[in-house]
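> My questions concern the predicted model and sequence given below.
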Amino acid sequence: MTSDEIVRTFLDHYRRHGHRDAPEHPLVPPPGDPVLFTTSGMHPLTPYLLGRPHPGGRRLANAQRCLRTTDLDEVGDATHLTVFRMLGSWSLGDYDIATSLRWGFDLLTDGFGIPAGRLHATVFGGSDDGRIGPDEVARDTWTGLGVPVETLGEDNWWSNGPTGPCGPDSEIFVWTGDDPPTGTPSGDGRWVEVWNHVQMRHHRHPDGRLTPLPHSSIDTGMGLERLEMVLRGDPSVFTGDGLRPWVEAAGDRWGVRSPDLRIVADHLRAATVVLGDGVRPGNTGRGYVLRRLVRRALTVLWRDDPARGLAELPPQVLSDTLRRFGQPARPGAPDSSPLDPGAPHATLVDEERRFRGLLRRGRPLVDRVRARGPLTEHDYHWLHDTHGLPRELVDGPLARPR
């Protein structure tokens, strides 16, 4: 399946079960929302999970673009991305977890063709303090479907931060090894998590108290790129439809190799999506996240060859990404018209120019600090936090003779 076919199969499955399409939201939350970016499909639905009626009804599904800065240090491995699409379904006080798991099992096995014998589930085994018991309904549902179950503790308790809606979850894993499935998800990395079904039962207050929500809801989330990797039998998410053009562009033009290749591809793709939602580089907030993504990619590129430049990126790679993420149309253009890739491309090139200027001005500063002796950890932190000079460049291009 292509990624577009995966999305279509997912949404069609839930439409047959009475779900309506929830609108996809931009990465930038509305005014008043304290988070910088939309981090999950459920985030825009938080008021409805807390009890407010949704205009679309009690059964919803969509594909939502998301950004997580918490995974930045993980990017470069086989499965983590900064920006990704989340396939989600919701029961807002309607059906229960047993129904959600059975429909999920049907979609994975019948819709996506994953053999039932390659599935494994984990469920909540109860809290350490004994206040919340084990999730027997989820455990018994999986057992009835013939799927092995591992019972865990806090790993199967989902929350969207220190306060807000939360509850037990059941995670679904697919075996990706060449040998027959063995072991459990917590003990063998060849079990790859693809889907999480969360029971939103409680509200956690600032003092840690848990109180019941007005109604119990189900929130599920499945990363599109990771599911595509599993269905293709590929070793990483970077061979899928959405990442492959970036990997090929960076590899062909700059000769970058993994894991650097993955970091460059991920960060430039993520920066393009952020630009597509109207964010511009800056020194604070969302603009700083965008600037950090671009400069981190450039730092990796310039570590071996300072002559590499973003002007070499083919515009069609940006255009393809904007289309996949449903970015807004150009002002005055038909709704179906994708965002012009020229604007994000020009912004990336301009941000590169600014960063080169920063490094040019920083070289004499680094030379003066080095003249006092070997750089200390304090020196590295000062150069980065005060002057924006990352350690990789201080020890790379800025350490080379002019």
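Thanks, I have the structure now. Numbering: from 1, shown residues only.

> what ranges of the stretch 301-402 of the chain fall below the confidence cut-off?
Within the stretch 301-402 of the chain, the stretches with pLDDT under 70 are 328-340, 397, 400-402.

> For it, just list every one of the helices.
Listed in chain order, the helices of the stretch 301-402 of the chain (DSSP state H, counting those that start in this stretch) span 315-324, 342-371, 377-387, 391-394.

> mind giving me CSV with those helices and columns for distance to residue 207?
C-beta here means a position set from N, CA and C on the backbone, and glycine is covered the same way. Shown next, in CSV, are the helices of the stretch 301-402 of the chain (distance: least, CB to CB, whole Å):
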stretch, distance to residue 207
helix 315-324, 43
helix 342-371, 43
helix 377-387, 34
helix 391-394, 40
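
> Quick one: closest of the ones you listed to residue 170.
Smallest distance to residue 170 across those (CB to CB): 29.0 Å, for helix 315-324.

> Any buried residues in stretch 311-325, and which?
By neighbour count on 16 or more other CB atoms under 10 Å, the buried set for stretch 311-325 is 313, 317, 318, 319, 320, 321, 322, 324, 325.

> what sits up against that stretch?
With CB atoms under 8 Å, 6 or more residues apart in numbering as the test, stretch 311-325 has contacts from 3, 65, 83, 85, 241-242, 245-246, 249, 253-254, 268-269, 272-273, 276, 338-339, 341-342, 344-345, 348-349, 352.

> got the CA coordinates for that stretch in PDB?
What follows is stretch 311-325, C-alpha atoms only, in PDB (Å, rounded to 0.1, in the frame of the first residue of the first chain):
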ATOM      1  CA  ALA A 311      19.500  26.100  -2.700                       C
ATOM      2  CA  GLU A 312      20.300  22.700  -4.200                       C
ATOM      3  CA  LEU A 313      17.000  21.200  -2.800                       C
ATOM      4  CA  PRO A 314      14.700  20.300  -5.700                       C
ATOM      5  CA  PRO A 315      11.400  22.300  -5.300                       C
ATOM      6  CA  GLN A 316       9.300  19.200  -6.200                       C
ATOM      7  CA  VAL A 317      10.400  17.500  -2.900                       C
ATOM      8  CA  LEU A 318       9.000  20.400  -0.900                       C
ATOM      9  CA  SER A 319       5.800  20.400  -3.100                       C
ATOM     10  CA  ASP A 320       5.300  16.700  -2.500                       C
ATOM     11  CA  THR A 321       5.600  17.200   1.200                       C
ATOM     12  CA  LEU A 322       3.200  20.100   1.300                       C
ATOM     13  CA  ARG A 323       0.600  18.000  -0.600                       C
ATOM     14  CA  ARG A 324       0.900  15.000   1.700                       C
ATOM     15  CA  PHE A 325       0.400  17.200   4.700                       C
END
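
> contact partners of stretch 223-234?
1, 3, 6-7, 63, 78-79, 81, 84-87, 112-114, 174, 176, 192-195, 235-237, 239-243.

> Which of these fall in helices?
With helices defined by DSSP state H, the entries of the contacts of stretch 223-234 inside them are 3, 6, 7.

> Could you measure from the second one over to residue 108?
Using CB to CB, to the nearest Å, we find residue 6 at a distance of 12 Å from residue 108.

> Same check on the first one?
Residue 3 sits 17 Å away from residue 108, taking CB to CB as the criterion.

> Name the residue in those two with the higher neighbour count.
Taking neighbours as other CB atoms under 10 Å, residue 3 and residue 108 compare with residue 108 leading, 25 against 19.

> Next up, the contacts around the more buried one.
Here residue 108 is in contact with 114, 119, 172, 174, 194, 195 (CB under 8 Å, 6+ apart).

> where in the stretch 101-250 of the chain is pLDDT low?
For the stretch 101-250 of the chain (pLDDT under 70), the answer is none.

> buried stuff in stretch 346-361?
Going by neighbour count (16+ other CB under 10 Å), the buried part of stretch 346-361 is 347, 348, 351, 352, 355, 359.

> ok, which pair from those residues is furthest apart?
The widest separation within those (CB to CB) is 18.9 Å, between 347 and 359.

> now the helices for the stretch 101-250 of the chain?
Using DSSP H, counting those that start in this stretch, the helices of the stretch 101-250 of the chain run over 136-144, 224-232, 244-254.

> Which of those helices sits closest to residue 92?
Among those, the nearest to residue 92 by CB to CB is helix 136-144 (18.7 Å).
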